Structure formats: C-alpha cells, structure tokens
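Trainee: What follows is a predicted structure for the sequence shown.
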Amino acid sequence: MNLIIRENVQAHLKELEDWLAQTREEPLEDMAGFFSARLEDYEEHMSLWKEAYRRFADFMPKGPMKVLDLGCGTGLELDECFLRNPELQVTGVDLCRDMLEKLREKHGDKQLELVCADYFQYDMSRSAWDMVISFESLHHFFPEQKGTLYRKIYTGLREGGTFLLGDYIACTPREEELLQQEYRERRSRSRIPPEQFVHFDIPLTLEHETALLSAAGFENITPLDCIEGAVLLSAEKKPLQ
Ligand SMILES: C[S@@+](CC[C@H](N)C(=O)[O-])C[C@H]1O[C@@H](n2cnc3c(N)ncnc32)[C@H](O)[C@@H]1O
C-alpha cells in the first residue's frame, strides 16, 4: 500500500521550520511532567485522531488476547479496543502516573494491569504477548533507542504475534534530520542528561521505521492506513513452523 503521509510536503516543512524558529528558546519539559500538566485538555486535544483510534482498534482480532500497550496514557486507543473486544487482557505501561489514573477511572472494570514505568526498562518477557500495541508514543525517540525497543518487543511477542503501531511519521528524510538536529541542540544547550526523557517530537520516515522493524526480526511489515498524519503499521513475528 502506498500511503500519502502529507499532501503538501514543502508547505509542511516550511511550517515546521517556522515553528522551530519561534519556539527555539522554550525550555524542554520532562516527559511525564509534560503530560501531567496537560491532563485536563489532553483527550480533547487528541480528538483530531478519533477516527485513527477507531481504525487502529479495527485491526485487532476479536476474542481473549494478552495485549501490552506501550505509552498507553489515558487509553484513547484502549477505549476503542475494549468497545470491540471487552475480553482483552491488557497491560498498559506509561511513565506518567496522572495519565494512568485517568485510564484506571475509565476502565477499572476491565482486565487491565497498569504499570508506571519506562517501557525501555519494562521486562516484556513476563508474558508471551499476543499483541504489543503503541499509539503516538514512540516518535519521541532516536532510531538507536527504537531499534533496541523493537528487538525487545519481538522477543516478548509469542510466535505468530503482532506489533501494531500507530504513530506520527516523518514525510521525508529532511523532516527527520531537521527535528533530530534541533532536538540534539536543545538538549545540549539545556544540559539535559542522556538518561532524562523530555518531550520533543522526532518522528522517523516510514522507510526508516520499516528498516528498524525488519532488523529486529519482524516480517510482513505492512502500512495499513494514514489518518490525520497518524500512520498505522503492523509487523508480525514468524509463527512456529
Ligand atoms: C501522546 S501520549 C499517547 C498516549 C496514548 N497512547 C494515546 O494515544 O492517547 C504519549 C504517552 O507516552 C508516554 N511515554 C513517553 N515515553 C515513555 C517511556 N519511555 N515509557 C513509558 N511511557 C512513555 C507518555 O507519558 C504519554 O502518556
């Protein structure tokens, strides 16, 4: 499938360059603190992707399944997933306790385990997951970090399991370079220690995402749809022969 991520790439890049110039002096915010501070308006802000959440949930099979959601936040994707499949057994991992509390308020009656942790550190081998999912969380990380995470996800999935990703994808290598360069500069200027997570978007192109997933061992890496710039992508772990 040939996805069109942006209709007007040049205009998008120009907008991005202008925005980067305008915000250059703004301090970077701690990742969990960024989302806590915006909790009240968070779901309203994300309502632009309502259709993308619906579509994402459509790609999940019905019936009981063990699902690991990385960066689950307040669970906007889970709202749709539980609606279609109340039998899901979900473990949601997120750095931000406030986001998790909101998710718990909405879905306390479901089979839902919430873990306030960094997903890079989370032990994914605790279960043989049928699916690992993530929506709008992984675009905050560099390719090297994602490569390591994708290998962990691959190992944590059962044979024949699926990784379903919904995320902000860069429309050209130029977008990827521009944002990474700016991010490195801002981190260095503010002397952010390497281990601290701060909020800044550094999406990768679809080609780059696909290459990382493939290097991690995934097969049948398939772009499924693109809605309001959010790309839905599935990748499979080989079934046992
Ligand atoms: C834009 S929100 C997306 C939340 C939810 N998936 C949704 O679509 O509404 C990104 C989430 O990723 C979480 N996050 C970012 N980096 C993380 C990390 N290293 N480990 C765990 N959660 C992380 C943030 O705390 C935040 O809740």
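Mentor: Structure received. None of the values given here were measured: they were computed from a predicted structure.
Trainee: outside of stretch 187-200, which residues touch it?
Mentor: With contacts defined as C-beta atoms under 8 Å, 6 or more residues apart in numbering, stretch 187-200 is touched by 27-32, 34-35, 95, 118, 140, 179, 182-183, 186. (Glycine included, C-beta is placed from N, CA and C.)
Trainee: Report the rounded mean pLDDT for the longest helix along the chain.
Mentor: What stands out as the longest helix in the chain, according to DSSP state H, is helix 173-189. Mean per-residue pLDDT for helix 173-189: 97.
Trainee: Could you list the alpha-carbon positions for it in CSV?
Mentor: What follows is helix 173-189, C-alpha atoms only, in CSV (Å, rounded to 0.1, in the frame of the first residue of the first chain):
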residue,chain,number,x,y,z
PRO,A,173,14.2,12.3,5.4
ARG,A,174,14.6,16.1,5.6
GLU,A,175,11.9,16.3,8.3
GLU,A,176,13.6,13.5,10.3
GLU,A,177,17.0,15.3,10.1
LEU,A,178,15.6,18.7,10.9
LEU,A,179,13.9,17.6,14.0
GLN,A,180,16.7,15.4,15.3
GLN,A,181,19.3,18.1,14.8
GLU,A,182,17.1,20.7,16.6
TYR,A,183,16.4,18.2,19.4
ARG,A,184,20.1,17.4,19.9
GLU,A,185,20.9,21.1,20.0
ARG,A,186,18.1,21.9,22.5
ARG,A,187,19.2,19.0,24.8
SER,A,188,22.8,20.0,24.7
ARG,A,189,22.0,23.8,25.3
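Trainee: in the chain, which residue is closest to the centre?
Mentor: With distances taken as C-alpha atoms, centre = their mean, the residue of the chain nearest its centroid is residue 137 (3.0 Å).
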